[in-house]
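J.: Pasting the sequence and the predicted coordinates here, then a few questions.
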2 protein chains.
Amino acid sequence: MGLSESFFYTKLAQDGAARAGIYHTPHGDIPTPIFAPVGTQATVKAVTPAQLQELGASLILSNTYHLYLRPGADLVEEMGGLHEFMQWPGPILTDSGGFQVFSLSAIRKIDADGATFKSHIDGSMHRLTPEKSIDIQQKLGSDIIMAFDECAPPNDRAYNEQALERTTAWAQRCLDAKTRPDQALFGIVQGGVFPDLRTQSALWIAAQPFDGSAIGGLSVGESKEEMHSMLDIVLPLLPENKPRYLMGVGSPEDLVNAISRGVDIFDCVLPTRLARHQSAMTLTGRVNMLNAKHAHDPHPIDETCACYACLHFSRAYIRHLISAREMLASTLISIHNLFTLLRLVQLSREAILENRFSSFAQDFLSRYNYPIK
Amino acid sequence: MGLSESFFYTKLAQDGAARAGIYHTPHGDIPTPIFAPVGTQATVKAVTPAQLQELGASLILSNTYHLYLRPGADLVEEMGGLHEFMQWPGPILTDSGGFQVFSLSAIRKIDADGATFKSHIDGSMHRLTPEKSIDIQQKLGSDIIMAFDECAPPNDRAYNEQALERTTAWAQRCLDAKTRPDQALFGIVQGGVFPDLRTQSALWIAAQPFDGSAIGGLSVGESKEEMHSMLDIVLPLLPENKPRYLMGVGSPEDLVNAISRGVDIFDCVLPTRLARHQSAMTLTGRVNMLNAKHAHDPHPIDETCACYACLHFSRAYIRHLISAREMLASTLISIHNLFTLLRLVQLSREAILENRFSSFAQDFLSRYNYPIK
């Protein structure tokens, strides 16, 4: 099956390698660059769909591995698909399950045909293949679906050679397996930190009739320099007329660095996970909201922010909620963190449209206080 | 100090003993009968103030004992008072702290002057007296404040005699201690399940310049029959022109039974606590949302309900959220349960205004499936 006709990417502006555009989908237009909040188990943790809409989210991501194990793709299909099930009216992207098989399952066995793994929930044994992953994603009914891939440790050359061979064969099988015309299938570039493998993978993905190009296997343990140099190699090889998605990347500095190299789509659990660990994201760095210095502070998390949390609540109140172990703390900081990343991609987009992204990025990166590892 | 001039109760209709009215407060009118969601630690658990407003809450309750221990009344005052701190623009009622001293603190010593107790949070020792309780509530700045009382085990005659003596002396000291004219002080009728003690207490409270009358020490272990007979004794003795508040009562059947006897105000943690234990409240009984029978159910919790949860989400989805331990489950069921109690008092109010409360109550109670103890 060729490209899905109900999806297309319109480039509105290019500034250096940075792109501003619109990705048109059956569930709505996605302004790019965009950050997708992650709803692992068919819910973005601690926020309602109404709150997500209010803070301006357009695309969200959900995880095939998790939904396959619980509640099951058949149930989601029976309930009318993922949009209806989780009541998200906008576009949804699902990953292929590959990454979770390799990262979450303690016991797993990969062969040329697919992966057998033990559920992290109840220890039951399961098998995912390219065909099975596409079948699940077709049942879920997400807008953007991903090819089943193997994500190898980034610095292991032999492993990456073998994994890339499988990923390529599996990507072809995903193209063959896909039948729904109302879904877009993205291929995934792998190859660890090895320029020749990344080049080989990008050229192959670019030549196939995928609806979009994804870059996997980054932000998984390699250095920032390695990530940047892989992006520098891969992005120029990807089709201009299709969206480019950097998987699992979501720190503010990574977003800006990748946008400057031509990435359009991001997703990450970081904003909601940090929120549940009392860490607020701002455009100048992270703030530990439990810090005693906030106890008497009447100011919002971020005085420059217009999210629901910042328009209403003081640092003193949010710190109290954390101390008292109240759920509202996670909700308010999640709303704020998601808003901050959506604001960052929006500011980036405006800068690209106005042909001043390079100075915007430089300003941003010079002001940003990197979290201490 | 006499009655607060910024508060007054307007009775719109009486149907049998049931009353429909408006309690005017500086932070807005409260339609009565009303149910007040409980925000123990300055937040109604799992919901935002915006969600509370959306579901139509008017009065909310917060706990003096909890706020005194954490974050402290001085901090709340410094942050502009409880309305500003928790961003609740409507009326707020605070209890006196008495009930929590007796129910939460493992180590406590009551004397004629007050109560010394050990914090359930960090084991530190504290002392509450009538003057201290009023001082804290004045710092919190809630609209309705409560006299400091002693809540004795309902069936212990000797204890109740002694506790009532203290409660009466303390109520007088609360009247003397109160200085803020923008707060209404309610007295509390105690006396366990003993008609003579309840009568004595009600007559004394009714004769004092309190802004409203509360009934404490019920729904604390006595039988339903005992509760009803105490309400039958107390309510006719309370002033007609002041609101009557039944403390800590919040099951649907208790609400209807107490409204029929002339109660105007209720509060209870039940709707939000049940929500966190997967139990949905409906006008015909409770529903365990984790029950396997909901797994494939595309219907909402309650098809007759217009809350955000019921307008959008299926039982299957909510059950999935519970299984997956997602916070959204608590949020959605809390919204639904609070909406259900607010709907019940609203339906009761309409029935009173239309002079058909008795048949409404009979219909309701005959259809209601009582939870199995």
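T.: Yep, that arrived.
J.: Distance check, the residue in the stretch 151-300 of chain A that chain B sits nearest to against residue A:314.
T.: For the stretch 151-300 of chain A, the residue closest to chain B is residue A:298, as judged by Cβ to the nearest Cβ, at 5.9 Å. Using the backbone N, CA and C atoms, a C-beta is placed for each residue, glycine as well. Using Cβ to Cβ, to the nearest Å, residue A:298 is found at 5 Å from residue A:314.
J.: Sketch out the low-pLDDT regions of the stretch 151-300 of chain A for me.
T.: Scanning the stretch 151-300 of chain A for pLDDT under 70 picks out no residues.
J.: Please enumerate the helices of it.
T.: A:157-177, A:195-207, A:224-234, A:252-259, A:270-276 (DSSP state H, counting those that start in this stretch).
J.: ok, and which of the ones you listed has the densest surroundings?
T.: helix A:252-259 (a mean of 23; mean count of other Cβ atoms under 10 Å in any protein chain shown).
J.: for chain B, what are the nearby residues on chain A?
T.: Within chain A, the positions adjacent to chain B are A:41-43, A:45-51, A:66, A:70-71, A:75, A:78-80, A:85-87, A:295-296, A:298, A:308, A:312-314, A:316-317, A:320-321, A:323-324, A:326-328, A:330-332 by Cβ under 8 Å from any Cβ of the partner chain.
J.: which of those count as buried?
T.: A:41-43, A:45-49, A:51, A:66, A:71, A:75, A:79, A:85-87, A:308, A:312-314, A:316-317, A:320-321, A:323-324, A:326-328, A:330-332 (16 or more other Cβ atoms under 10 Å in any protein chain shown).
J.: taking the residues you listed one by one, which sit in helices?
T.: A:49, A:51, A:66, A:75, A:85-86, A:308, A:312, A:316-317, A:320-321, A:323, A:327-328, A:330-332 (DSSP state H).
J.: element containing whatever residue of the stretch 101-250 of chain A ends up closest to chain B?
T.: Nearest residue of the stretch 101-250 of chain A to chain B (Cβ to the nearest Cβ) works out as residue A:121 at 9.0 Å. Using DSSP states H and E, residue A:121 sits in no helix or strand.
J.: Could you find the closest non-adjacent residue to it?
T.: Leaving aside its sequence neighbours, residue A:121 sits nearest to residue A:69 (Cβ to Cβ, 6 or more residues apart in numbering or on different chains; 5.6 Å).
J.: Test my guess that the one you found contacts residue A:118.
T.: No. At 10.6 Å, residue A:69 and residue A:118 do not qualify as touching, with contact defined as Cβ atoms under 8 Å.
J.: overlap in contacts of the two?
T.: Shared contacts of residue A:69 and residue A:118, defined by Cβ atoms under 8 Å, 6 or more residues apart in numbering or on different chains, comprise residue A:126.
J.: neighbour-wise, which of the two wins?
T.: residue A:69 (23 against 17; other Cβ atoms under 10 Å in any protein chain shown).
J.: tell me the contacts of that one?
T.: A:119-121, A:126 are the contacts of residue A:69 under Cβ under 8 Å, 6+ apart.
J.: Which of these scores worst on pLDDT?
T.: Taking the contacts of residue A:69 together, the minimum pLDDT is found at residue A:120 (88).
J.: Give me the neighbour count for the closest residue to that one other than its chain neighbours.
T.: Nearest residue to residue A:120 in three dimensions, chain neighbours excluded: residue A:104, at 4.8 Å (Cβ to Cβ, 6+ apart). Residues lying near residue A:104 (other Cβ under 10 Å) number 18.
J.: what sits against the closest residue to residue A:238 other than its chain neighbours?
T.: Nearest non-adjacent residue to residue A:238, counting by Cβ to Cβ, 6+ apart: residue A:213, 4.3 Å away. Residues in contact with residue A:213 (Cβ under 8 Å, 6+ apart) are A:186-187, A:189, A:202, A:205-206, A:238-239, A:242-245.
J.: if we can go back for a sec, overlap in contacts, residue A:298 and residue A:314.
T.: residue B:79.
J.: Quick check: end-to-end length of stretch A:239-247?
T.: 17 Å (Cα to Cα, to the nearest Å).
J.: And the contacts of it?
T.: A:9, A:11, A:21, A:23, A:32, A:93, A:95, A:99, A:144, A:146, A:186, A:188, A:206, A:210-216, A:218, A:231, A:235, A:238, A:258, A:262-267.
J.: Next, count neighbours for residue A:12.
T.: 13.
J.: Am I right that it falls within a strand?
T.: Yes. Secondary structure of residue A:12 (DSSP: H, G, I helix; E, B strand; the rest coil): part of a strand.
J.: Look up how far chain B lies from it.
T.: 34 Å (Cβ to the nearest Cβ, to the nearest Å).
J.: quick one, what contacts that residue?
T.: A:20-22, A:353.
J.: Next, give me the two most distant ones among those residues.
T.: Across the contacts of residue A:12, no pair lies farther apart than A:22 and A:353, at 11.4 Å, counting by Cβ to Cβ.
J.: Would you mind measuring from residue A:322 to residue A:230?
T.: Distance from residue A:322 to residue A:230, by Cβ to Cβ: 37 Å.
J.: brain fart, residue A:63
T.: Applying Cβ to Cβ to residue A:63 and residue A:230 gives a distance of 24 Å.
J.: What of residue A:345?
T.: Taking Cβ to Cβ, one finds residue A:345 at 21 Å from residue A:230.
J.: Strands of the stretch 51-200 of chain A, start to end?
T.: Taking DSSP state E, counting those that start in this stretch, the strands of the stretch 51-200 of chain A run over residues A:60-62, A:92-94, A:108-110, A:115-118, A:125-128, A:144-146, A:184-189.
J.: For those strands, give me TSV that also has distance to residue A:137.
T.: Output for those, formatted as TSV (distance: least, Cβ to Cβ, whole Å):
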stretch	distance to residue A:137
strand A:60-62	10
strand A:92-94	5
strand A:108-110	20
strand A:115-118	16
strand A:125-128	11
strand A:144-146	4
strand A:184-189	9
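J.: For residue B:110, which of those strands is the nearest?
T.: Between the strands of the stretch 51-200 of chain A, strand A:60-62 lies closest to residue B:110; by Cβ to Cβ that is 54.6 Å.
J.: now for the closest one, which elements pack on it?
T.: strand A:34-37, strand A:92-94 (3 or more Cβ pairs under 8 Å, 6 or more residues apart in numbering or on different chains; DSSP states H and E).
J.: how far is it from where the chain is centred?
T.: Distance, stretch centre to chain centre, for strand A:60-62: 8 Å (Cα atoms, centre = their mean, to the nearest Å).
J.: For that strand, buried residues please.
T.: Those would be A:60-62, for strand A:60-62 by 16+ other Cβ under 10 Å.
J.: Show residues contacting it.
T.: So strand A:60-62 is in contact with A:36-42, A:44, A:52, A:82, A:86, A:88, A:90-95, A:140, A:142, A:267, going by Cβ under 8 Å, 6+ apart.
J.: pLDDT averaged over stretch A:314-332 - what is it?
T.: Averaged across stretch A:314-332, the pLDDT comes to 98.
J.: actually stretch A:301-311, not the one I typed
T.: 98.
J.: Quick test: name the residue nearest the centre of chain A.
T.: Taking Cα atoms, centre = their mean, the centroid of chain A lies closest to residue A:267, which sits 1.7 Å from it.
J.: Verify the contact between that one and residue A:35 for me.
T.: Yes. At 7.2 Å, residue A:267 counts as touching residue A:35 under the criterion of Cβ under 8 Å.
J.: Which neighbours do those two have in common?
T.: With Cβ under 8 Å, 6+ apart, residue A:267 and residue A:35 have common neighbours residue A:250.
J.: Where does pLDDT dip in the stretch 1-150 of chain A?
T.: In the stretch 1-150 of chain A, residues with pLDDT under 70: A:1-3.
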